[in-house]
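> Attaching a predicted model along with its sequence, questions to come.
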Amino acid sequence: MSPRDRMSANDGAGSVADPAERRFGLKTGVVVGLADDDVVRALGIRYAEAARFAPPVQVTRYDAPVNAFRRAPAAPQLPPKLFARLIGDDDLGTDENCQRLSVTAPADLGADERLPVLVWIHGGGNVAGAGDFAHYDPRALVVEQRVIVVTVTYRLGMLGFLGDGAEVPANLGLLDQLTALRWIRDNISAFGGDPDLVTVFGQSSGAAAIAYLMISDGAEGLFRRAIMQSAPLAVAAGRAAMTEAMLAAVGVLSRDAPVEEILALQPVAERAARGHGMASRMPFDVQPGLPPVPDGAERDAAWREAAGRVDVLIGCTLEETGVIGALVPALNGVFRLPVLGHVVRRLIVTPSTRSMYETPARQFVARHRAAGGRAYRYRMTWRPDDNGYGAAHLTDLPLLLGTRQAWEGAALLGSADWADVDRRGRVVRRIWAEFARTGTVPDVGESDTISLLPD
């Protein structure tokens, strides 16, 4: 069955109308969403079709009305150990044809309203996660700030971020994201969104992808602003040699083998990546110099050129690399010791956070401003009580996305009270939404959650 046939068979509208249904007339056809209390959701909409190891092709027409009632399945991936340990799991199922997106809008949207659009690019080291992960539910952001949020699912790991650029195209996951942004430009007005007021926001590998989307061939005009949370921009150096070693280790990748056989090669590729410096911390990532991303001096020039058309908000948490405690249980025990634990964590976490996240972000802002662009930098300072990791990687997520039910029991939150999480989250959500609306950040005064930095 072809991807188009599968789309029609699985997504076609039923014969019995639900009073909660909301119909949207897109350029591509009719999409049917559902009212969900104070929001309307259109879930799991296919934005592209792609064969294995082939570039995505944007969906331009749905043959029948699309019932957008179910969250998008995740891209095929190995069990996400770090995510599960710190946050918890969410069984969405997987589908190799994963190019889908979901739209969440205010339920009381007026017929003539056109709201800012925020497009979420999830993190997970380009090997884990999904756009419709329960912890990424955008309800609070949508309702409080009256914006529209689109969450995107794209190819990962062996299927999305490993290719030689010849036999197997590189950067397929990034090309998926780019195609999703084109679909959004063409169709978001049907949901009440303003296609000229699109902000892309993402965390970790998703944030790094946004930096490359800014300079990708064909991206001009697709988004106006970019928010990059905990972008590991330092991992770009030395990537070409590492990728060559990974490709040599896995050999020729089959277009016909069961997807499980392809996934089984991922640890082989990761072992081959060891010893390649900072890049090996995220073996699967965008490969500069291969479509759609320029290389070398051209890449730096492209970021300078993008400064005139894309406003930037970039930053990280105070202790990004504190999550190392989740990977090394003995070290986590040391981190929790009174007095000594704080000293050891600072000695390990402060320099690694600075080199991998803070310094590259500061340099990104400096270049952007020098080229005439508007850029802001922040630092997330909130330490969830008793989590053992401090203000670590991922601690910004519950302040923006997800519900109390989704985050309940997450080790990352320690003993934090949800009312306190929500209080802090309202501050962060306000900053993100105001930046999306105006390209500026509001004065939130003295905050015990986030600091806006002058440099």
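Nice, I can see it. The structure displayed is predicted, hence computed values, not measured ones.
> how close does the spatially closest residue to Arg281 that is not a sequence neighbour sit to Met158?
Computed as C-beta to C-beta, 6 or more residues apart in numbering, the closest residue to Arg281 that is not its neighbour in sequence is Val235, at 5.6 Å. (C-beta placed from N, C-alpha, C; glycine too.) Separation of Val235 from Met158 (C-beta to C-beta, to the nearest Å): 18 Å.
> swap in Pro267?
Counting by C-beta to C-beta, the gap from Pro267 to Met158 is 10 Å.
> So between these two, which is more surrounded?
With neighbours defined as other C-beta atoms under 10 Å, Pro267 and Met158 compare such that Met158 has more, 27 against 10.
> Assumed the more buried one was part of a helix.
Yes. Using DSSP: H, G, I helix; E, B strand; the rest coil, the assignment for Met158 is a helix.
> List the residues that contact it.
Shown in contact with Met158 (C-beta atoms under 8 Å, 6 or more residues apart in numbering): Val250, Leu253, Ile262, Leu263, Leu265, Gln266, Ala269, Phe284.
> Among the residues you listed, name the ones in helices.
Val250, Ile262, Leu263, Gln266, Ala269 (DSSP state H).
> Then Gly425 would be within a helix, right?
Yes. Under three-state DSSP, Gly425 falls within a helix.
> How about the contacts made by it?
Ala140, Pro398, Leu399, Leu400.
> what about the strands in the stretch 151-300 of the chain?
Along the stretch 151-300 of the chain, counting by DSSP state E, counting those that start in this stretch, strands occupy 193-203, 225-229.
> highest average neighbour count across these?
Sort these by mean neighbour count, taking mean count of other C-beta atoms under 10 Å, and strand 225-229 sits at the top with a mean of 26.
> pLDDT of it, averaged?
When pLDDT is averaged along strand 225-229, the result is 98.
> Any chance you could list what contacts it?
Residues outside strand 225-229 that contact it (C-beta under 8 Å, 6+ apart) are 198-204, 207-208, 210-211, 213-214, 310-316, 361, 364, 396, 432, 435-436, 439.
> so where do the strands sit in the stretch 301-450 of the chain?
Listed in chain order, the strands of the stretch 301-450 of the chain (DSSP E, counting those that start in this stretch) span 311-317, 375-380, 450-453.
> Can you work out which other helices and strands pack against the shortest one?
Identification of packing neighbours for strand 450-453 by 3 or more C-beta pairs under 8 Å, 6 or more residues apart in numbering; DSSP states H and E yields strand 375-380, helix 418-438.
> now the strands: where do they sit in the stretch 1-150 of the chain?
Counting by DSSP E, counting those that start in this stretch, the strands of the stretch 1-150 of the chain are 21-26, 29-36, 39-46, 48-49, 57-58, 66-67, 100-106, 115-121, 148-153.
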